[in-house]
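S.K.: model this:
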Amino acid sequence: MHTAAFSRLPNGLRLVTVHRPHLHQVVIAASIHVGSRHETRASNGLSHFLEHMLFRGTRHLPTAAAFNHRIESLGGTLTAATHGDFTLFELIAPPDALADGCAELGEVFTAPVFSDRDVEKSIVREEILEDLDEDGRDVNADNLLRAELFRGHPLAFPITGTVKNVERFTERHLRAHMGAHYVGRNMSVAVVGPLSHRAMERAATRAFGGLPAGARRASSVFRSQQSRARIRAVHYPSAQTSVRIAFPTPGQRSSNARALELLLRVLDDGMSTRLHRRICDERGLAYEVHGNLELFDDAGLFDVSATVARASLPQLVSEVLSIFADLAREGPTRAEVEKAHRRYAFDLEAMEDGAHALADYYGPPELFDMRQSPTERRRQVLGITAQDIRRAARAVLDPSRANLVLVGDADEGMRREMSAQLRRFRQRLTADARARVPAAAPSRREAVAPRRRAGVLDLLAVSP
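M.R.: Model prediction:
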């Protein structure tokens, strides 16, 4: 079994070292509390562009070629990714390269040179264009979904930003953004390997202890104001149509967070779960279909995605909404919960086999002050019942907060059909809600103008 040790450097950086004797590699994972949710419309894409530019070299290795050669000569591999609420750098290397690997990654954050900006802008531009059609419209269904679900909030921004923004970013923009966010109090580092805690802590302290302390950056809180279903249909010539069906959720700190994770496993965790079995095996409507749960600190989204022929789209949406309604009304079966428990517990145990999995488990949560041992997590998950999952499903799968995005052969007729599907979904849950409200003799006034009963859903209204 592994052991984890936690400390905080004098500059405020949160450090966790995870000792696992059998490993033959070390992982150094640096999490920075900055992503698209920390941007404005004018700066959207800057966090992602900065992540790219940090691969362009350091003071001692001033070119991308020299820097990459050094990392690879250590036997290492460095990757990075920008998310909505944090940026992650991960260096995997042999154990005997821990000190050198930490030193090189530390210099990325303390002495970048930002060379060849125009070359990197061309690369990022190509990445952005992958999501656009020939008229410059965004046709990435995931981007469109987040734009709908997180309306009016930076979480709605595409992580890559816009071509126009990237073109005007200068070294001044990069250094100001880095100076504000890549600081000790705004970062965590996880080091996982077979070395002693002392050796891993010493290497990390030497590499990252020189970062300025700075300040912890706050995130603007998202609170969904959605009160009616939304449909966004983008016509795009294609043999198939991409569809996303999504709902806003509470965030990681919610008491429902673990129940939502188990709800996702009931829906989509293997070929025997409801989503794949119904959509693929029984109906043959799609080659593949996926459920997804993305939880930020304060908010999240629960969605199902698929890409299908136009002729199959209405039935696919109908089947997915029917599955949602069943889970909200009846919850999962005992067998489904037991299977979800076993698979969740197995995934926690399987982390012992991989440095990468352990780094992912401990690193980002430390950044958000959400530390929880695998034993505590296992106990929490196994305590969740079918009723807990049903309550979470009923709270989240609210027809008035549904978001449906179509990209492909999606005309006005298809949009009307989708509106009808959402209306039937709402009527099904509304009928169930009415059935749960105890009957009472109406007052004289109510006999003339009945008031709406608490807990009964409104009739569906689809926003434009």
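S.K.: all contacts plus neighbour counts: C-alpha atoms, from now on.
M.R.: Will do.
S.K.: contacting residues for the residue lying closest to Leu382 once chain neighbours are set aside?
M.R.: Closest residue in space to Leu382, ignoring its immediate chain neighbours: His341 at 5.9 Å, by C-alpha to C-alpha, 6 or more residues apart in numbering. Residues in contact with His341 (C-alpha atoms under 8 Å, 6 or more residues apart in numbering) are 262, 381-382.
S.K.: rebuild those as CSV, extending it with pLDDT and secondary structure.
M.R.: CSV is the format used below for these (pLDDT from 0 to 100; DSSP: H, G, I helix; E, B strand; the rest coil):
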residue, pLDDT, secondary structure
Leu262, 98, helix
Val381, 97, helix
Leu382, 97, helix
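S.K.: distance to Arg223 and neighbour count added to those residues, as CSV?
M.R.: Converted to CSV, the contacts of His341 look like this (distance: C-alpha to C-alpha, whole Å; neighbours: other C-alpha atoms under 10 Å):
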residue, distance to Arg223, neighbour count
Leu262, 23, 29
Val381, 26, 18
Leu382, 30, 17
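S.K.: where does pLDDT dip in the chain?
M.R.: Scanning the chain with the threshold set as pLDDT under 70 gives 432-464.
S.K.: which residues touch the residue nearest the centre of it?
M.R.: In the chain, the C-alpha nearest the mean C-alpha coordinate belongs to Glu294, at 3.7 Å (C-alpha atoms, centre = their mean). Neighbouring residues of Glu294 by C-alpha under 8 Å, 6+ apart: 300-302.
S.K.: mark which of those are part of strands, please.
M.R.: Counting by DSSP state E, the contacts of Glu294 place 300-302 in strands.
S.K.: which one of those is nearest to Arg172?
M.R.: Gly300 (32.9 Å; C-alpha to C-alpha).
S.K.: residues near that closest one, how many?
M.R.: 21 (other C-alpha atoms under 10 Å).
S.K.: okay, and the beta partners of it?
M.R.: Counting by DSSP bridges, Gly300 is bridged to Thr249, Leu295.
S.K.: now Ser318. Nearest residue, chain neighbours left out?
M.R.: Gln421 (6.2 Å).
S.K.: then Gly75?
M.R.: Using C-alpha to C-alpha, 6+ apart, the nearest residue to Gly75 is Ala93, at 5.7 Å.
S.K.: against Val407, how distant is Arg19?
M.R.: For residue 19 the amino acid is His, not Arg. His19 sits 47 Å away from Val407, going by C-alpha to C-alpha, to the nearest Å.
S.K.: kindly indicate which of the contacts of Glu294 lies nearest Arg8.
M.R.: Gly300 (28.8 Å).
S.K.: you'd agree the closest one is up against Ala246?
M.R.: No: in this structure Gly300 lies outside contact range of Ala246 using C-alpha atoms under 8 Å: 10.3 Å.
S.K.: elements contacting the longest helix along the chain?
M.R.: Among all segments of the chain classified by DSSP state H, the helix with the greatest residue count is helix 412-436. Where contact means 3 or more C-alpha pairs under 8 Å, 6 or more residues apart in numbering; DSSP states H and E, helix 412-436 is packed against strand 229-235, helix 313-330.
S.K.: which one of the ones you listed lies closest to Glu349?
M.R.: Using C-alpha to C-alpha, those put helix 313-330 closest to Glu349, at 28.1 Å.
S.K.: which parts of the closest one are buried?
M.R.: 313, 316-329 (16 or more other C-alpha atoms under 10 Å).
S.K.: now it and helix 412-436, what's the angle there?
M.R.: Put simply, helix 313-330 runs at 20 degrees to helix 412-436, going by axes from the mean of the first three to the mean of the last three C-alpha atoms, to 10 degrees.
S.K.: show me what counts as buried in the helix or strand following helix 313-330.
M.R.: Helices and strands here follow DSSP states H and E; after helix 313-330, the next one along the chain is helix 334-350. Of the residues in helix 334-350, 336-341, 343-345, 348 count as buried by neighbour count, 16+ other C-alpha under 10 Å.
S.K.: what's the closest of those residues to Arg70?
M.R.: Among the buried residues of helix 334-350, and counting by C-alpha to C-alpha, the member closest to Arg70 is Leu348, at 34.2 Å.
S.K.: check contacts around that closest one.
M.R.: 374, 378.
S.K.: distance of it from Thr430?
M.R.: Taking C-alpha to C-alpha, one finds Leu348 at 38 Å from Thr430.
S.K.: also His83?
M.R.: Relative to Thr430, and taking C-alpha to C-alpha, His83 is found at 37 Å.
S.K.: now do Ser73
M.R.: 63 Å.
S.K.: who has more neighbours, those two?
M.R.: Neighbour count, other C-alpha under 10 Å: between Ser73 and Thr430, Thr430 has more, with 19 against 11.
S.K.: how is the protein carved up into domains?
M.R.: As assigned by automatic domain parsing, the chain contains the domains 3-208, 229-436+444-457.
S.K.: hmm, back to that, for Val189, state which of the contacts of Glu294 is nearest.
M.R.: For these, the nearest to Val189 is Gly300 (24.2 Å; C-alpha to C-alpha).
S.K.: now do the same contact list for the residue nearest to Pro154 when sequence neighbours are not counted.
M.R.: Nearest residue to Pro154 in three dimensions, chain neighbours excluded: Arg37, at 4.5 Å (C-alpha to C-alpha, 6+ apart). By C-alpha under 8 Å, 6+ apart, the contact set of Arg37 is 84-85, 153-157, 219-220.
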